[in-house]
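J.: Task: produce atomic coordinates for the following.
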Amino acid sequence: MGKKDTKPKFTTVVTKQGESLKVFEDMETFERFIKDSEEDDNFNNVHCQIHYYPPFVMHASHDNEEKVKDTDNSHNKKFVRHVHQHVEKHLLKEIKDALDMPDLKFHDKNKEETFEHVRWHYGETAEHKDKKFKIDINVTCLHDTAMVDVDYATTPIV
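T.: Residues are numbered from 1 along each chain as shown. As a prediction, the model looks like this:
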């Protein structure tokens, strides 16, 4: 029996502005990173992304990425509706739980639709552990893939 791969499933990218951006491959590692940053009191200055197949896509393809339907993309109304439900009922809830802020409400919500993508934006100003910060979450599904991109950023407010 081989050793289990225990390496972190993310890469760190340095942006043009010199900021560190973590890009995750799976939801579990993404949530753990947010939870760890909350526990380390670094939750108010985080920028990370995750690119993943939503659970309903993996369920429909029997956990085989090669069996994901070509029609699962931003041009499919049913797919877009399911992504939105997944975000509203699961992703945002899991982020609130990881931040230990169950009462967090996202008042700044909007949806942008183009031929290339559908993007939902969720934003909120919050205070936690006597630190005031802004949370921005952008969820994007594209016209040519079933993968969903989530951009999560928190910025301190002075």
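J.: mind checking which helix or strand of this protein has the lowest mean pLDDT?
T.: strand 10-14 (a mean of 64; mean pLDDT, DSSP states H and E).
J.: Which is the succeeding secondary structure element to that one?
T.: Next helix or strand after strand 10-14 toward the C-terminus (DSSP states H and E): strand 20-24.
J.: quick one: that following strand to chain centroid distance?
T.: In this view, strand 20-24 has its centroid 11 Å away from the chain centroid, taken as Cα atoms, centre = their mean, to the nearest Å.
J.: Show me what that strand pairs with in its sheet, parallel or antiparallel.
T.: Strand partners for strand 20-24, identified by DSSP bridges, are recorded as strand 10-14 (antiparallel), strand 46-52 (parallel).
J.: Spell out the residue ranges of the strands in the chain.
T.: Remark: strands assigned in the chain by DSSP state E are 10-14, 20-24, 46-52, 108-113, 117-128, 131-142, 148-156.
J.: Same list, the ones you listed, but as CSV with mean neighbour count please.
T.: For every residue, glycine as well, the C-beta is placed using N, CA and C. Converted to CSV, these look like this (neighbours: other Cβ atoms under 10 Å):
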stretch, mean neighbour count
strand 10-14, 12
strand 20-24, 17
strand 46-52, 19
strand 108-113, 11
strand 117-128, 17
strand 131-142, 18
strand 148-156, 18
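J.: got a markdown table for those strands, with distance to Asp70 too?
T.: Output for those, formatted as a markdown table (distance: least, Cβ to Cβ, whole Å):
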| stretch | distance to Asp70 |
| --- | --- |
| strand 10-14 | 27 |
| strand 20-24 | 25 |
| strand 46-52 | 18 |
| strand 108-113 | 20 |
| strand 117-128 | 17 |
| strand 131-142 | 13 |
| strand 148-156 | 16 |
